[in-house]
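In: Need the 3D shape of this:
(4 chains)
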Protein chains: 2
Amino acid sequence: MKIEDAIKSNAMPDGRKTAIHIMYTANAIQDKSAEILKPFGITPPQFNVLRILRGQKGKPANLCTIQERMISKMSNTTRLVDKLITKGLVNRVTCEENRRKVEISITEEGLKLLSEIDEPIDLQNENIIKNLSSEEIEQLNNILEKIRG
Amino acid sequence: MKIEDAIKSNAMPDGRKTAIHIMYTANAIQDKSAEILKPFGITPPQFNVLRILRGQKGKPANLCTIQERMISKMSNTTRLVDKLITKGLVNRVTCEENRRKVEISITEEGLKLLSEIDEPIDLQNENIIKNLSSEEIEQLNNILEKIRG
DNA sequence: AAATAACAATTGTACATACAACTAATGTAA
DNA sequence: TTACATTAGTTGTATGTACAATTGTTATTT
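Out: Below is the predicted model:
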């Protein structure tokens, strides 16, 4: 279904149409992710942070490092991390080399939770590209790269 | 810049990479929009609703109609409309044919605000596609369509 | 060394969003 | 016509997010 029909709109300039199409698609993906994550008691941004920390392979990360790497940059990562601490999924200690910084790391419990979530999320991700050829996947990523500039 | 580098990640399965890339790009677009809209005192979802109402060309819309057409479906459109009413940008009256429904319409003030916002937002939208050929724009929209299923 | 600037994170506060429970109106079935 | 179900929106409440002001720490300047 064309995006114009999905949002019951008439013809639009290419720029507006494309911008809306990207955001519309992204929201649909994110809503679906949120639904998958909900039974596990975490939100998409929290999941994103947990995966960033897992990617550190034991090495802790600063708040600003996490923020840089987040899919959706947000203006209160402190409180997002607070939630994860409350849930026992991450640890926070002040950095000894630079006491302004904090060192955040994922706990065993956090790793265990991620390992449970991996499968359903990977299934969703595979589902996203299931109608695309490998050429199309490559084209899409190249075009998105150009958009990001 | 590759998305893997943007989020400082290693190689990922195609599905995950593509999902992240779409959401990352959409968030960047939305953040930029929010920045443009801020001086006008409205948020992206509020702007979206105003444009939906303008598209009605005088004919009012129900809450559920608005919700259907929104880029980002949300679970409290009542309060979003409340905000727009407070700002004098839209009107709400109960529908006479079916008193469960409400009829929401954009005010003159709302139209005036939109007309001021149109130019900066269109500029942003054009900027998004400025590095793309018309073939690429078409490819992108076709691929996103396939993803939406 | 003292003063100032820059940096990293936290906190206060206002605002936005999600979700379930609820109200009210209409439609349907017995 | 009563009873029940469905529809459309609203409200309570909890949670999430934005942004500016603040705290504490380190770096730079004079």
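
In: In chain A, spot the helix with the most residues.
Out: helix A:14-37 (DSSP state H).

In: ok now that one, how far from the chain's centre?
Out: 13 Å (Cα atoms, centre = their mean, to the nearest Å).

In: Taking helix B:14-37 as reference, get the angle to the next helix or strand after that helix.
Out: The element immediately downstream of helix A:14-37 (helix or strand, assigned by DSSP states H and E) is helix A:44-55. If you take axes from the mean of the first three to the mean of the last three Cα atoms, to 10 degrees, helix A:44-55 sits at 130 degrees to helix B:14-37.

In: And helix A:44-55, what's buried?
Out: Residues of helix A:44-55 classed as buried by neighbour count (16 or more other Cβ atoms under 10 Å in any protein chain shown): A:Pro44, A:Pro45, A:Gln46, A:Phe47, A:Asn48, A:Val49, A:Leu50, A:Arg51, A:Ile52, A:Leu53, A:Arg54. The C-beta positions use only the backbone N, C-alpha and C, and glycine is treated the same way.

In: does the third one really touch A:Thr86, like I thought?
Out: No. A:Gln46 is beyond contact range of A:Thr86, at 10.9 Å (criterion: Cβ atoms under 8 Å).

In: how about the residues of chain A that lie near DNA strand C?
Out: Within chain A, the positions lying close to DNA strand C (Cβ under 7 Å from any atom of the strand) are A:34, A:38, A:62-64, A:76-79, A:81, A:92, A:95, A:98, A:100-102.

In: And those, which two are furthest apart?
Out: Across those, the longest distance by Cβ to Cβ is 37.1 Å; it joins A:Lys38 and A:Asn98.

In: Buried only: go through the residues of chain A next to DNA strand C for me.
Out: For the residues of chain A next to DNA strand C, a neighbour count by 16+ other Cβ under 10 Å gives the buried set as A:Leu63, A:Thr77, A:Val81, A:Lys101, A:Val102.

In: can you tell me which of the residues you listed are in helices?
Out: Counted as lying in helices by DSSP H, out of these, are A:Leu63, A:Thr77, A:Val81.

In: show me what contacts the first one?
Out: A:Leu63 is in contact with A:Thr77, A:Thr78, A:Val81, A:Lys101, A:Val102, A:Ile104, counting by Cβ atoms under 8 Å, 6 or more residues apart in numbering or on different chains.

In: What of the second one?
Out: Taking Cβ under 8 Å, 6+ apart as the criterion, A:Thr77 is in contact with A:Val49, A:Leu63, A:Ile66, A:Gln67, A:Met70.

In: can the residues you listed go into TSV with extra columns for pLDDT and distance to DNA strand D?
Out: As requested, the contacts of A:Thr77 are exported to TSV (pLDDT from 0 to 100; distance: Cβ to the nearest atom of the strand, whole Å):
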residue	pLDDT	distance to DNA strand D
A:Val49	98	10
A:Leu63	97	12
A:Ile66	97	13
A:Gln67	97	10
A:Met70	97	10
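
In: low pLDDT regions in chain A?
Out: Applying pLDDT under 70 to chain A flags no residue at all.

In: What residues does it have near DNA strand D?
Out: Residues of chain A lying near DNA strand D (Cβ under 7 Å from any atom of the strand): A:Thr43, A:Pro45, A:Gln46, A:Met74, A:Ser75, A:Asn76, A:Arg79, A:Leu80, A:Lys83, A:Asn98, A:Arg99, A:Arg100.
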